[in-house]
Structure formats: structure tokens, C-alpha cells
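Chemist: make a model of this:
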Amino acid sequence: MTSTRANLKAVFKTGSIPKEQDFANLIDASLNQADDGFLIVEKDGKKNVGVGVEEPQAKLHVGGDLMVDSGLTVEGVANIPNMLKIGSPTEPTLSKLQVKGGATIDSLIISADGKKEWMILDSSAQRLYVNSEYDNNGKPCKLRVGAAWGMPGLYSGDYSGETSSTDLVLGAPPQSKIYFGENKNDAWIESGTGNAYIKGIVGIGTPPDAASKKLQVKGGVVIDSLTISENVEVRGKIIRSVTAVTANGPGDMNGNGELESRILTFTKVYGETRIRIFYCDNFRIMGDNVRCRYEILVDGESIPGDPIYADRYGSSGNYHEQSTIFGYAKGIKSGEHTISIQLTSEDPCQVYTGWENSTWSIEAEEVWLT
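Modeler: Residues are numbered from 1 along each chain as shown. Predicted structure coming up:
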């Protein structure tokens with residue numbers, strides 16, 4: 001049974017006669033190094049305290065887990081050879097330090113096997129260095145985030161002055177916010193205009209040929225929007241995007257109204273462009289001095305301003321001819337549209353479109369016209 005110090009003092013005061021149990025309580029209330037695993041060892045004139053260890057190697061040496069419910073202050077160096085968890089993280093043991101919750105770090109140095117620094121966080125200089133041997137003058141480093149030359153920025157490579165070479169600089173003085181390459185000459189974006197300038201030749205997928213064009217690309221290129229002010233030299237193939245519908249037949253004897261079998265759905269991206277429309281079919285106009293008009297409609301209406309149509313004439317005989325109607329539709333807003341073919345004729349004109357299930361096609365392509 002444990003007793004408080006006040007109880008033990010009352011039992012052993014002058015004139016009292018302690019009993020056997022009182023002596024036992026007194027012994028149990030004392031620290032026993034052998035039983036309690038608590039050892040005080042003097043080494044080199046200094047006393048070390050060990051808990052769970054026989055030869056403590058520091059002021060406090062704990063052989064096992066240590067739990068601190070409140071704050072922990074370490075004024076010297078804390079050597080933790082295994083893992084340190086703060087805030088009881090539940091993630092797998094993949095790293096030496098795991099923190100659950102916020103962390104405030106004034107200065108942090110991370111190295112590999114005690115060799116060259118791998119990452120340095122220096123709050124006093126407001127900089128982050130990665131893979132760096134550095135001093136306050138800014139020796140070469142792989143990546144630096146923070147102030148340099150009195151200006152914030154992101155720096156990659158050896159950039160310690162105006163004549164040094166670098167791979168990437170963001171926020172570099174004096175006139176730019178981004179640099180690529182050596183001596184700030186290969187590429188930069190100016191802070192005033194936000195434009196990108198490339199001095200020299202750019203090669204994508206291949207080293208550029210100094211005697212060739214400014215931009216050289218080896219391999220495929222996908223461009224959503226492109227404005228070209230001069231000629232473009234393409235040594236490979238250009239694949240255009242054309243919306244089309246084609247079939248063999250059916251034949252249609254309708255002489256007035258839209259051809260129900262000849263319809264194309266087309267999506268227009270820009271409002272200022274035109275639609276290049278191509279219609280090919282087999283036409284027959286039979287009768288004496290008769291005519292039938294084939295007109296291309298967009299959304300069931302004539303194309304505004306300049307309609308696209310062709311008149312087919314017949315004088316005598318029964319002739320079937322493969323022919324094409326072609327034009328540019330302007331004034332069509334962006335969005336999805338339906339392209340169809342409308343016929344207009346008068347009796348006694350006999351019209352037949354698509355004789356013997358001949359091949360017909362409707363194509364549409366969005367284009368810019370100068």
C-alpha cells in the first residue's frame with residue numbers, strides 16, 4: 001500500500017512506534033533502481049539518468065517509448081535515430097518525421113547521411129534551398145525559393161550574378177519575371193507586357209537547325225487556336241478536319257422541297273468565320289426547256305446575303321449527270337447547324353436525284369477568308 005509523505009511523517013515522528021507495515025510502506029515509497037529500472041550513473045564527472053537502460057548515455061536516457069502530454073522544450077540538440085511522430089498521425093511509417101496538424105519551423109536542414117545539404121529552410125533570409133552548398137552570398141544551388149538581389153522569386157541552377165548561367169529564374173531582375181536558359185537570352189517574359197520572347201530558334205522534339213525556321217517541330221502538333229502572320233512551311237502532311245456525310249442513294253424523285261436523305265449536322269466554333277460547303281450528287285432534269293434549282297440551306301433557311309445554289313436545265317432527252325455545288329456561307333453564328341438541300345421546280349419538269357443509287361456527299365469546313 002502506498003502512503004503519502006504526510007502519513008509517513010506522522011508514523012515516524014518522535015515518540016511513535018512504527019509497525020512492520022509502516023516500514024514496508026516507507027520502503028515502497030522510495031525509488032529502487034533495481035526494481036524500478038531507474039538508474040543514476042556518474043560518468044566523466046556528470047550524472048546521467050537512465051529509465052529502462054543499464055548504462056545511460058545522456059542526461060536522460062529512456063529505453064522505450066516516451067509520452068509527453070504537455071509541452072516539450074529542447075534547448076540543445078535532439079538526436080532521434082528512428083521516427084518522430086507529432087500529433088498522432090495514422091499514416092504508414094514511410095518517413096522519419098510525421099506531423100499531424102500545423103507546424104511552425106524557423107530553420108530546417110535536411111541532409112542525406114550527413115553529407116551535402118539536400119534541403120534548407122532559412123526563415124531569417126526568407127529562402128528555401130534544395131540540394132545546395134550555400135552561404136549568405138548565395139552560392140550555386142539546384143532550386144532556390146525566396147529573396148535574392150533584394151527581390152522574391154524562384155531560381156533553379158547556378159545564378160549568382162548577371163553573368164551566371166541558369167536553367168530557370170522566376171522573378172529575376174531587372175526587367176523580367178521569367179528567364180529560361182543561359183545569360184537570360186534564350187527566353188523570357190517581360191513583366192510590363194506579359195508577352196513571351198524567344199531569341200533564336202525553338203526546336204520541339206528535335207535539336208533546332210540554325211539555318212532553318214524560328215520554330216521547328218518533329219512529331220505531331222495539336223493547336224486549338226493559331227494566328228500566322230507569315231508563310232508556314234510544312235514538310236510533312238497536314239490533316240484537315242472536315243465534317244462530311246456520304247452514301248450511295250437513295251434516289252429521290254422529289255422536285256420541290258428538301259431532300260430528306262441529304263442532311264449534314266455541323267458545329268461552327270467562331271462567329272466571324274465562314275462555312276465552306278461542298279455538295280456532289282447525280283442530277284436529272286427531264287422536259288422541254290425546264291429548270292430545277294438546287295439550293296444549300298442552313299437550318300432550313302437560305303444563306304443570308306449570298307445564297308448558294310445552282311440551276312439545272314433540261315431541253316430534251318433523259319440525261320443523268322454527276323455534278324457539284326460549292327460555296328462559302330457567311331453570316332452564320334457559332335453553334336450547331338443543319339445543312340440540307342432544297343429543290344424548286346415547275347411542271348412539267350421531271351426531277352430525279354441520285355439515279356441508280358449513285359454516290360452523293362455533303363462536306364462542311366469552317367474557314368477564315370481574307
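Chemist: quick one: the strands in the stretch 151-300 of the chain?
Modeler: For the stretch 151-300 of the chain, the strands defined by DSSP state E, counting those that start in this stretch cover 151-157, 165-170, 176-182, 187-190, 196-198, 202-204, 215-217, 243-248, 257-268, 274-286, 290-298.
Chemist: biggest helix in the protein by residues?
Modeler: Ranked by residue count, the top helix of the chain under DSSP state H comes out as helix 20-28.
Chemist: and that helix, what does it pack against?
Modeler: In terms of contacts (3 or more C-beta pairs under 8 Å, 6 or more residues apart in numbering; DSSP states H and E), helix 20-28 is packed against helix 5-11. C-beta: built from backbone N, CA, C; applies to glycine.
Chemist: packing partners for the helix it packs on?
Modeler: helix 20-28.
Chemist: and the helix it packs on, what's its mean pLDDT?
Modeler: Helix 20-28 shows a mean pLDDT of 82.
Chemist: can you give the domain ranges for this structure?
Modeler: As assigned by automatic domain parsing, the chain contains the domains 107-198, 243-367.
Chemist: for A247, which non-adjacent residue is closest in space?
Modeler: In this structure, A247 finds its nearest non-sequential neighbour in W360, 6.5 Å apart by C-beta to C-beta, 6 or more residues apart in numbering.
Chemist: ramachandran coordinates for the one you found?
Modeler: Note on W360: its backbone torsions stand at phi -130, psi 160 [degrees, to the nearest 10].
Chemist: measure it to V242 for me?
Modeler: Applying C-beta to C-beta, to the nearest Å, the value for W360 to V242 is 16 Å.
Chemist: what's the nearest residue to S261 once chain neighbours are set aside in contact with, if anything?
Modeler: Sequence neighbours aside, P250 is the residue nearest to S261 in space, at 5.7 Å (criterion: C-beta to C-beta, 6+ apart). By C-beta atoms under 8 Å, 6 or more residues apart in numbering, the contact list for P250 reads 261, 354, 357.
Chemist: okay, now the unreliable bits of the stretch 101-250 of the chain?
Modeler: Where the stretch 101-250 of the chain drops to pLDDT under 70, the residues are 101-102, 106-199, 206-213, 229-230.
Chemist: let's see it at 80
Modeler: Within the stretch 101-250 of the chain, the segments meeting pLDDT under 80 span 101-239.
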